[in-house]
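Novice: Structure, please.
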Amino acid sequence: MPIEIGRIEAIYRHPVKSMRGEPLEAAALGWHGIEGDRRLALRRLDERSGFPWLSAGKLTELVRFTPRWSDDETLIVSTPEGEEMPAFSQALAADIGRRHGSPVQMMQLKHGIFDDATVSLIAAGTVREIARLAGVAADARRFRPNIVVGSARGVPFEEDEWVGGVLTFGDAEDAPAVTVTMRDVRCAMVNIDPDGGGLAPEVLKAVVRANGNNAGVYATVTRVGRLAVGQPVVLRQVSSVNIR
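Specialist: Okay, the predicted model is just below:
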């Protein structure tokens with residue numbers, strides 16, 4: 001049976017992988033996740049591995065770079081010092097390459113640049129519990145989710161119970177939906193303060209101790225549509241959803 005588990009508490013989009021995200025009141029959910037999410041990333045030109053992207057795990061300052069769309073729909077990036085540069089400019093690539101210690105190039109992929117899946121979710125109760133255990137302020141941005149669910153139960157790590165089910169958002173018959181595919185195994189990214197870039201290793205340690213290094217879940221889109229803060233979130237079995 002469908003169960004309303006809570007409501008959308010926050011929506012985040014990250015135009016450039018590992019750079020600061022932007023909170024949204026509403027967003028279009030397409031087949032490849034939230035439109036405009038992680039469509040750009042910095043490629044490490046000297047890297048020949050299967051993961052060439054520069055992440056904040058290798059350059060913590062990246063979380064202090066802020067992308068924004070200008071009036072003419074050009075993506076502009078503000079550096080930590082407040083200087084603004086076009087996302088694809090040589091100046092920005094040179095600035096970040098200098099901080100990183102090796103050359104980088106901004107890349108854009110039509111369907112996005114994701115680690116494991118196109119949509120990530122976390123429950124607000126999970127964020128609060130990890131923050132309590134780690135002795136830091138509760139801030140969902142540490143976990144870089146697309147959707148924060150304000151659960152009616154408020155039980156930490158309840159997302160683990162969502163795996164294998166479908167979450168729908170809103171009351172309409174054709175409401176957007178995602179299939180929850182796996183738990184989110186965390187790395188040192190959660191230690192990075194989303195504002196100042198400082199490190200708090202106790203955050204990842206808290207995740208490891210409390211839930212075997214898992215916090216939040218990944219999902220794939222099974223029905224597109226419009227997301228909005230405040231929408232009800234309903235959990236149901238995969239077989240009970242008409243996937244379109």
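
Novice: Show me what secondary structure element comes after the helix or strand where residue 94 lies.
Specialist: Assigned by DSSP states H and E, residue 94 belongs to helix 90-100. Scanning forward in sequence from helix 90-100 by DSSP H and E, the next helix or strand is strand 104-108.

Novice: For that next one, enumerate the helices and strands it packs against.
Specialist: strand 40-44, helix 90-100 (3 or more CB pairs under 8 Å, 6 or more residues apart in numbering; DSSP states H and E). Bear in mind the C-beta positions are built from the backbone N, C-alpha and C, glycine included.

Novice: JSON lines for these, including mean neighbour count and distance to residue 2?
Specialist: Listed next are those as JSON lines, based on neighbours: other CB atoms under 10 Å; distance: least, CB to CB, whole Å:
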{"stretch": "strand 40-44", "mean neighbour count": "21", "distance to residue 2": "37"}
{"stretch": "helix 90-100", "mean neighbour count": "16", "distance to residue 2": "46"}
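
Novice: Of all these, which one comes closest to residue 140?
Specialist: Closest to residue 140 of the helices and strands packed on strand 104-108 is strand 40-44 (CB to CB; 21.6 Å).

Novice: What mean pLDDT does the closest one get?
Specialist: Averaging pLDDT along strand 40-44 gives 97.

Novice: Need the contact partners of it.
Specialist: 15-18, 52-54, 62, 67, 75, 87, 93, 96, 100, 102-109, 113 (CB atoms under 8 Å, 6 or more residues apart in numbering).

Novice: out of these, which are buried?
Specialist: 15-18, 52-54, 62, 67, 75, 87, 93, 96, 100, 104-106, 113 (16 or more other CB atoms under 10 Å).

Novice: Nothing else from me, thank you.
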